[in-house]
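Peer 1: for reference, the sequence and a predicted model appear below.
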Amino acid sequence: MLRIKSDTSTRDQKYVALKSVTIVSKIRSFGADVSITQLFRNDENQPIEAVYCFPIEENAAIYSFVAKIDDREIRAQLKEKIQAQQEYIQALQQGHGAYLMEQDEKSQDIFIINVGALLPGKECQIQIMYVTELDLISQNKIRFVVPTTIAPRYNPSVGGISSPAGTQTKYVQSASYT
């Protein structure tokens, strides 16, 4: 689900290696507090912009987004969409690192994260925290689901996500990590 666009003449897009995924959840009554931490690494020879598309439960509410690179921890600030996109683009144009998370315009349960100017050899840890209601499936059973792929209903053949900075990228509906 994560593709990169490096500034090369071939405009090839490659995968950023997903090094690890950690999911921690606390379930209380009919709710869950979920933390998803993913670690990515730029194995390219130049800085890249990573564009990451991920699903969450339809009734979930994200309350935290943190990016960690080296010894820096960047916590998200809530801003109007256009203002956030403009600030992201300006930061990239000035050669700074920048991070943007926004809800997909076509779907309420898909989010897009942009990590700009990830330097060669660097790792980026992304942590997303959200709360969600659990489904009551019978008198004494509830269901807890962590979505891991984007369902084909969003585009049965090939899907695409874009960056405010101009990166056009395709996502994979499934990938094996063995």
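Peer 2: That came through, no problem.
Peer 1: run through the strands of this structure in chain order.
Peer 2: For the chain, the strands defined by DSSP state E occupy 2-6, 13-15, 17-28, 31-41, 48-55, 61-69, 72-75, 98-103, 110-118, 123-133, 135-138, 141-143, 159-162, 168-171.
Peer 1: a markdown table for these, including distance to Ile82 and mean pLDDT?
Peer 2: Every residue, glycine included, has its C-beta placed from N, CA and C. A markdown table is the format used below for these (distance: least, C-beta to C-beta, whole Å; pLDDT from 0 to 100):
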| stretch | distance to Ile82 | mean pLDDT |
| --- | --- | --- |
| strand 2-6 | 22 | 52 |
| strand 13-15 | 26 | 61 |
| strand 17-28 | 31 | 88 |
| strand 31-41 | 27 | 92 |
| strand 48-55 | 18 | 81 |
| strand 61-69 | 19 | 93 |
| strand 72-75 | 21 | 92 |
| strand 98-103 | 11 | 90 |
| strand 110-118 | 15 | 85 |
| strand 123-133 | 22 | 94 |
| strand 135-138 | 35 | 90 |
| strand 141-143 | 38 | 92 |
| strand 159-162 | 15 | 56 |
| strand 168-171 | 20 | 45 |
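Peer 1: out of those strands, flag the one nearest Gln83.
Peer 2: Closest of these to Gln83 is strand 98-103, at 11.0 Å (criterion: C-beta to C-beta).
Peer 1: right, and the strands of the chain - which one's nearest Leu92?
Peer 2: strand 110-118 (4.5 Å).
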